[in-house]
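Trainee: Quick one, what's the 3D model for this:
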Amino acid sequence: MQRENLGSRLGFILISAGCAIGIGNVWKFPYLCGQNGGGLFVLIYLFFLLVLGLPAMTMEFAMGRASQKSPVKMYQELEPAGSKWHLHGLVCMLGNYLLMMYYTTVAGWMIQYFFKTVTGTFTGLDADQVAASFTSGLASPLLQVGCMAIVVVLGFWVNSQGLQNGLEKVTKVMMLALIIIMVILAVNSVFLPGAGEGLKFYLLPSAKRAQEVGLFNVIVSAMNQAFFTLSIGIGSMAIFGSYIGRDQALMGESINVIILDTFVAICSGLIIFPACFAYGVQPDSGPSLLFITLPNIFNHMKLGRLWGSLFFVFMTFAAFSTVLAVFENIMAMCMDMFGWSRQKSGLINTILMLVLAAPCALGFNVLSSIQPLGEGSSILDFEDLLVSNYILPIGAFIMVLFCTSRFGWGWENFVKEADEGKGLKVMSWMRPYVTYVLPLVVILVFILGIL
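Mentor: All right, here's what the predicted structure looks like:
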């Protein structure tokens, strides 16, 4: 069967960035940044993106392009005869399914919030009433499963239309719209009265705040966020490497994806912090920032319903771009393993994912008594822990070893593939770092994640 290819370099960059850009960029990055000394956190984060994210992403792209296969089959094409590296391909497959088992529910929350904002459900509510609205939404099995099902059905349907006609076409429109909406929201936020304090809090390095948290904690937070933001370790980037030509060297393409991912993360802070400070709201941690604090701010803002609706369109696009990219990975792996057509893979996986994702959607209502990580935890927390703290870091460690070890694909083969085409090349001085230091850093991320 003839392998499909992406129609353009822009499509490849936007889809890869879309996979990396998710909900974590929007609420987690700004919050961590504010908590960990503002601009100082940003500088350390950028440092780790370059030393940790860049080589690992280049490796994933190279493995995909060299093998011309999905992650479940790429090791077989590249590994020495008789070795067992290909077992990690099955773990990649499991990781992609696990990620979507909870991420589709979270993407469903974005759709709910968009409709609630557009229809004026939050108008006139205070923070406690907005929180109550979120909680009552979680308590409805029909609403949670229904919104998750919309994400699953729509996602697999788009990808079933073909690589260029489905995934590439829709992602291009969504990502370009996402960037435009973001810039409009950021400009609006920055010019709010009293926004200057928010910008200072966000962007100026604060040694005092860093000392309060502890410099070690700032470094660990920045390192973890840099590692997890790019979704490296389950082959979600390798698949797009397999769809591109050999015109461009892969390190330069990785930098383009990282720039776009970082732009979205930093822009999110420009939307959130000036607005928080303009309306005297302390930026809270985690989901409450997104689902309670921000709707409350939009309530007080002139044309708040418009700005709130735009914000949750942007959030929906950020979530859905990740869903489409990972669904493509899942479909491609099934096509490689079982010889299915794109349409058959889409249909079977739609049914399978509806079943697999149901426990997470029901974990806040019908199955709320199941608390796998102790009191107050949910099925979503457990699935997220497995992916983020185990499967991603261990996967990245295996991929780095595979690309640098003579018992795997090996450094020379990796560099030959990565350097083919125009653009930034892998430098020879990088070899000791990537071979000996990078695996230790990834192991450190893994250990800190467990602790």
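Trainee: element containing Val441, please.
Mentor: helix 438-450 (DSSP states H and E).
Trainee: can you list contacts of that helix?
Mentor: By Cβ atoms under 8 Å, 6 or more residues apart in numbering, the residues outside helix 438-450 that reach it are 51-52, 55-56, 220, 223-224, 227, 388-390, 393-394, 396-397, 400-401, 404. (Each C-beta comes from the backbone N, C-alpha and C, glycine too.)
Trainee: In helices, which of these fall?
Mentor: Among those, DSSP state H puts 55-56, 220, 223-224, 227, 393-394, 396-397, 400-401, 404 in helices.
Trainee: By neighbour count, sort out the buried ones in the residues you listed.
Mentor: 55-56, 220, 223-224, 227, 393-394, 396-397, 400-401, 404 (16 or more other Cβ atoms under 10 Å).
Trainee: Quick check: the two most widely separated of those residues?
Mentor: Val220 and Thr404 (24.7 Å; Cβ to Cβ).
Trainee: What count of nearby residues applies to Val426?
Mentor: Residues within reach of Val426, counting by other Cβ atoms under 10 Å, total 22.
Trainee: Now do the phi/psi pair for it.
Mentor: phi -80, psi 130 (degrees, to the nearest 10).
Trainee: now it: how far from Ala62?
Mentor: 9 Å (Cβ to Cβ, to the nearest Å).
Trainee: what touches both of the two?
Mentor: Phe414, Ala418.
Trainee: Mind putting the buried ones among the ones in helices among the contacts of helix 438-450 into TSV with pLDDT?
Mentor: Below are those laid out as TSV (pLDDT from 0 to 100):
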residue	pLDDT
Pro55	96
Ala56	95
Val220	89
Met223	89
Asn224	87
Phe227	85
Pro393	93
Ile394	94
Ala396	95
Phe397	96
Val400	97
Leu401	97
Thr404	97
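Trainee: which one among the residues you listed gets closest to Lys172?
Mentor: Ala56 (25.5 Å).
Trainee: Enumerate every residue touching that closest one.
Mentor: So Ala56 contacts Leu230, Ile232, Gly233, Ala396, Met399, Val400, Leu438, Val442 (Cβ under 8 Å, 6+ apart).
Trainee: what do you get for Asp261?
Mentor: Counting by Cβ under 8 Å, 6+ apart, Asp261 touches Ala17, Ala20, Ile21, Asn25, Thr229, Leu230.
Trainee: And the pLDDT for Leu324?
Mentor: For Leu324, the model assigns a pLDDT of 96.
Trainee: which ones are touching it?
Mentor: Ile15, Gly18, Gly155, Val158, Asn159, Leu167, Val170, Thr171.
Trainee: hmm, 10 Å instead?
Mentor: 15, 18-19, 151, 154-156, 158-159, 166-168, 170-171, 174 (Cβ atoms under 10 Å, 6 or more residues apart in numbering).
Trainee: re earlier: turn the buried ones among the ones in helices among the contacts of helix 438-450 into TSV, including distance to Gln76.
Mentor: Shown next, in TSV, are these (distance: Cβ to Cβ, whole Å):
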residue	distance to Gln76
Pro55	24
Ala56	21
Val220	37
Met223	33
Asn224	32
Phe227	27
Pro393	24
Ile394	20
Ala396	20
Phe397	20
Val400	19
Leu401	17
Thr404	19
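Trainee: closest to Ala418 among the residues you listed?
Mentor: Nearest to Ala418 among those, with distances taken as Cβ to Cβ, is Pro55, at 9.6 Å.
Trainee: any idea how far that closest one lies from Pro393?
Mentor: Counting by Cβ to Cβ, the separation of Pro55 from Pro393 is 15 Å.
Trainee: okay, and the helix or strand of the protein with the least pLDDT?
Mentor: Among the helices and strands of the chain, helix 286-288 carries the lowest confidence by mean pLDDT, DSSP states H and E, at a mean of 66.
Trainee: can you pull the pLDDT of Thr123?
Mentor: 88.
Trainee: Isn't it up against Thr117?
Mentor: Yes - if you go by Cβ atoms under 10 Å, Thr123 and Thr117 touch, sitting 9.1 Å apart.
Trainee: what residues do the two have in common as contacts?
Mentor: Pro295, Phe298, Asn299, Gly304, Arg305, Gly308.
Trainee: Pull the most distant pair out of the residues you listed.
Mentor: Checking these with Cβ to Cβ, the most distant pair is Pro295 and Arg305, at 10.4 Å.
Trainee: For Phe407, which three-state class applies?
Mentor: coil (DSSP: H, G, I helix; E, B strand; the rest coil).
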